[in-house]
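Student: Predicted model, plus sequence, below.
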Amino acid sequence: MRVSGAEIIVECILEHGVDTVFGIPGGTVLPLIDALYASGDRITHILTAHEQAAAHAADGYARASCGPGVCVATGGPGATNLCTGITAAYMDSVPIVCITGNVHSTRIGTDCFQEVDILGMTIPVTKHNYQVKSVSMLLGTLREAFRLAVSGRPGPVLVDIAADVMRDTAEYSPPDEDLPLPSETPIRAGKLISRIERASAPLLLAGGGVIRAGAASRLTELAERLDIPVVTTLMGLGAIPSSHPLFIGMVGLHGRKEANLALTRADLLIAVGTRFSDRSLGDNSDLIGRLPLIHIDIDRAEMGKLFPPEHFLISDAKIALDALLRAEPQTHPKWREWLALGREEAAAVAPSYPEQLLTSLGRIAGPEALICTDVGQHQMWAAQQAGIERPGHFITSGGAGAMGFGLGAAIGAQSACPEKTVVLVTGDGSLQMSLGELSTVTRYALPITIAVINNHSLGMIRQLQTLFYGGRCFASSTEGAPDFVRLAASYGIDGGLAASVGEFEILFKEALESRRPALIDCRVPRDAVVRPMMNPGGRGNTSYILD
Amino acid sequence: MDRHVLSLLVDNSAGVLERTAGLISRRGFNIDSLSVGETGDPRFSRMTIIVTCDARAQDQIVGQLLKQVFVKKLQVLPSDSRVMRELLLVKVSTAPGKRAEILDIANVFRAKAIDVCADSLTLEITGEIDKSEALIRILNEFGILEITRTGSTALCRGSETIYDSKPPEISGDFE
């Protein structure tokens, strides 16, 4: 069948199970936009207000659907606007395919209108990127791009396509019948199993890799079988239900104290699908070289990058955990008793107002809800308090920490899972980086509930200025921000102001039941701080600046 | 800190050089030299990269390179199992009466004069880095006008080739 390049792109997107793409049209991608129009209801194009949100939406879509996400942008500024979104996906290993239009193939390199070297600009933040200058190369390149994005350690891939390629025609044939997946070679892990058996205080650390690999249930099973407590990174939240008795908490800069303490008391760490970010271990962790580590990750380059292991296993988390599940059941009653003491102590501390809000939000939203966040204090409160029960149900920008991520990601998540409850926890600073996307929410009637944790400032910056800059809170006030409830109303979004947990609960329940877009402006004290907080200049998980 | 020699078989396509060099520098490592050229099969190029770093850093560079789709094969070539050469061109000023002396030195080094004029001459030398550097040190006293070097290129000794090589093991001192 002879079809246009644009039609090939549409078919290729559909081949990979993607039913929604996010983006903004521009001159060079108009043939593709037209082909999307012609595709009818086989594929939906969601028009965002800014390309950054389109990339974040593809990211949110990918995380929520456990498959690839796709965004489309025109050349020049359209393409450069994607960059922050691509970076966020790269840092969190999310498979997105970004399609950008470029100028006519014979004009590349001549500084045409809206021409930019988007390949050069995105090399550091993509697994790989391609430029297609001939329609004969298009189908093969796109299929390779999708395969690359989702395989191994997932990540973003960008395909830059010359304008004429979308108009030229070529043969399209559907992919061969589903090729049998390469059989997953089981791993022998006898050495690791006997090492784990020798430990008296083993600890599992689950990272985002467990979630990407779809290995959360196996991780929980392993924890139960070997009676090993579990801590997670920010990206690993949901790898084990938060309510599980073996879950100690999130580790790191704003991790639970008892989880960080568990790291320092363990005599063996089994880390799965994590890269030991400075946000989980600190900059000068005294655990390195002291705490024996078994490191399991699919990316060979993570082995010894920051935390040299005693043993390592380069493997998909699912296959590795299957191998470890052959171990005989064990128990560690003393170790667990000791950890339980730490939990009791932590439970005795009265929660702050924002903490209460987020606890209530998590409880009312329920375990099936997708909780998206932006970046800042609200993100940490959500991570600590929302009680994430399911893998992939906490959608946050971890590695890049990109403010403005949340609304785009929530749009993507809701598009992937129209029936699910999607909640965005954001801050007044983050939301203002993506305000335009409120129009996207309205345009597509996406029933997202937005909780703005509003302290009238860039709260995390204010916290750092209070702690480390003599209280000189400069350039961190968001004075001049709009009345978010009235602003939401102007977009046709229901809104309400919550000054107490009680008020919030009423509004939040109403919003969830309405299945309409809604925004709740949750006023919180300016000086509320995220606790605990590791000392950034300290020796890692044992030194605190805030208890 | 040792000098590590990496030999790569890569796709012969636009941007591969930029991606490779960018990847190494972006990760905080400095490339001592990099040389690249097409192989007998025009689809592939061969690259020789020299970095001075410790074993852990070398693992990191190797690990990052192996993830790239355009890297088809990668060998780490230890000093006892590689042959390595670079080409140096050096232009030396020939003050009155000094030309013969310079040519004598060139002879000892098996360097060749490839251009001669009234007040300078250009020498060509092929060898290991140490040899080029020794020649440069000696010629410095005559006044070197300019130098250009190709960077080293290397192959594994014996009949083993990169085509039948396995990815290098992680050499870090852990495990």
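Tutor: Yes, it's here.

Student: Helix or strand: which one has A:Ile450?
Tutor: strand A:449-454 (DSSP states H and E).

Student: Give me the buried stretch members for the next helix-or-strand element following that strand, please.
Tutor: Where DSSP H and E defines the elements, the next helix or strand beyond strand A:449-454 is helix A:459-468. Buried residues in helix A:459-468, defined by neighbour count with 16 or more other C-beta atoms under 10 Å in any protein chain shown: A:Gly459, A:Met460, A:Ile461, A:Arg462, A:Gln463, A:Leu464, A:Gln465. Placement of C-beta: from N, CA and C, glycine included.

Student: do stretch A:300-308 as well
Tutor: Buried, per 16+ other C-beta under 10 Å, within stretch A:300-308: A:Arg300, A:Ala301, A:Glu302, A:Met303, A:Gly304, A:Lys305, A:Phe307, A:Pro308.

Student: Spell out the secondary structure type for A:Leu487.
Tutor: With DSSP: H, G, I helix; E, B strand; the rest coil as the basis, A:Leu487 sits in helix.

Student: and if you look at B:Pro168?
Tutor: Per three-state DSSP, B:Pro168 ends up coil.

Student: Just confirm it contacts B:Lys73, I think it does.
Tutor: No. B:Pro168 is not in contact with B:Lys73 according to C-beta atoms under 8 Å; the separation is 10.4 Å.

Student: Could you verify my assumption that A:Ala266 touches A:Leu203?
Tutor: Yes. Contact criterion C-beta under 8 Å: A:Ala266 and A:Leu203 qualify, at 3.8 Å.

Student: between the strand holding A:Ile450 and helix A:459-468, what angle do the directions make?
Tutor: Orientation check (axes from the mean of the first three to the mean of the last three C-alpha atoms, to 10 degrees): strand A:449-454 against helix A:459-468 gives 30 degrees.

Student: What mean pLDDT does strand A:449-454 get?
Tutor: Regarding strand A:449-454, the rounded mean pLDDT is 98.

Student: need the strands for chain B, in chain order.
Tutor: B:2-11, B:31-38, B:44-53, B:71-76, B:82-93, B:112-117, B:120-127, B:144-149, B:153-156 (DSSP state E).

Student: Show me which residues of the stretch 301-450 of chain A are close to chain B?
Tutor: The stretch 301-450 of chain A has residues A:Ala301, A:Glu302, A:Met303, A:Gly304, A:Lys305, A:Pro308, A:Pro309, A:Glu310, A:His311, A:Phe312 near chain B, with proximity defined as C-beta under 8 Å from any C-beta of the partner chain.

Student: and if we set it to 6 Å?
Tutor: A:Ala301, A:Met303, A:Gly304, A:Lys305, A:Pro308, A:Pro309 (C-beta under 6 Å from any C-beta of the partner chain).

Student: any idea which of those is closest to chain B?
Tutor: Comparing those against chain B with C-beta to the nearest C-beta places A:Ala301 closest, at 3.1 Å.

Student: what residues are up against residue 89?
Tutor: Just going to use chain A. A:Asp59, A:Ile96, A:Pro156 (C-beta atoms under 6 Å, 6 or more residues apart in numbering or on different chains).

Student: Wait, chain B was what I had in mind.
Tutor: Counting by C-beta under 6 Å, 6+ apart, B:Leu89 has contacts B:Glu124, B:Thr148.

Student: Now with 7 Å, please.
Tutor: Residues near B:Leu89 by C-beta atoms under 7 Å, 6 or more residues apart in numbering or on different chains: B:Thr122, B:Glu124, B:Thr148.

Student: again with A:Ala54
Tutor: Taking C-beta under 7 Å, 6+ apart, one finds A:Phe22, A:Gly23, A:Ile24, A:Thr48, A:Cys71, A:Ala73, A:Leu82, A:Gly85 in contact with A:Ala54.

Student: cool, and A:Cys66?
Tutor: A:Gly214, A:Gly392.

Student: For it, give its distance to B:Ile31.
Tutor: 39 Å (C-beta to C-beta, to the nearest Å).

Student: what's the answer for A:Met137, then?
Tutor: The separation that A:Met137 has from B:Ile31, given C-beta to C-beta, amounts to 31 Å.

Student: these two touch, right, A:Ala79 and A:Ile118?
Tutor: Yes. Using C-beta atoms under 7 Å, A:Ala79 is in contact with A:Ile118, at 4.1 Å.

Student: So which of these two has more stuff around it?
Tutor: Between A:Ala79 and A:Ile118, counted using other C-beta atoms under 10 Å in any protein chain shown, the more crowded position is A:Ala79 (29 against 25).

Student: check which helix or strand covers the more buried one.
Tutor: With DSSP H and E as the test, A:Ala79 turns up in helix A:77-91.

Student: Could you do A:Glu510 as well?
Tutor: Using DSSP H and E, A:Glu510 falls in helix A:501-514.

Student: Quick one: mean pLDDT for the helix or strand following that helix?
Tutor: As assigned by DSSP H and E, the chain's next helix or strand after helix A:501-514 is strand A:518-523. On average, the pLDDT along strand A:518-523 is 98.

Student: Give me the contact list for the next helix or strand along the chain from strand A:518-523.
Tutor: Next helix or strand after strand A:518-523 toward the C-terminus (DSSP H and E): strand A:533-534. If you take C-beta under 7 Å, 6+ apart as the criterion, strand A:533-534 is touched by A:Leu253, A:His254, A:Gly282, A:Asn541, A:Ser543, A:Tyr544, A:Ile545, A:Leu546.

Student: ok, the fifth one to chain B distance?
Tutor: For A:Ser543, the distance to chain B equals 25 Å [C-beta to the nearest C-beta, to the nearest Å].

Student: Now for that residue: which residues touch it?
Tutor: Counted by C-beta under 7 Å, 6+ apart, A:Ser543 has contacts A:Met534, A:Asn535.

Student: Next one, pLDDT for the residue nearest to B:Leu155 when sequence neighbours are not counted please.
Tutor: Closest residue to B:Leu155 apart from its sequence neighbours, by C-beta to C-beta, 6 or more residues apart in numbering or on different chains: B:Val83 at 5.6 Å. With respect to pLDDT, B:Val83 scores 97.

Student: Between the two ends of stretch A:64-74, how far is it?
Tutor: 26 Å (C-alpha to C-alpha, to the nearest Å).

Student: If we go by neighbour counts, what in that stretch is buried?
Tutor: Result for stretch A:64-74 [16+ other C-beta under 10 Å]: buried residues A:Ala64, A:Ser65, A:Gly67, A:Pro68, A:Gly69, A:Val70, A:Cys71, A:Val72, A:Ala73, A:Thr74.
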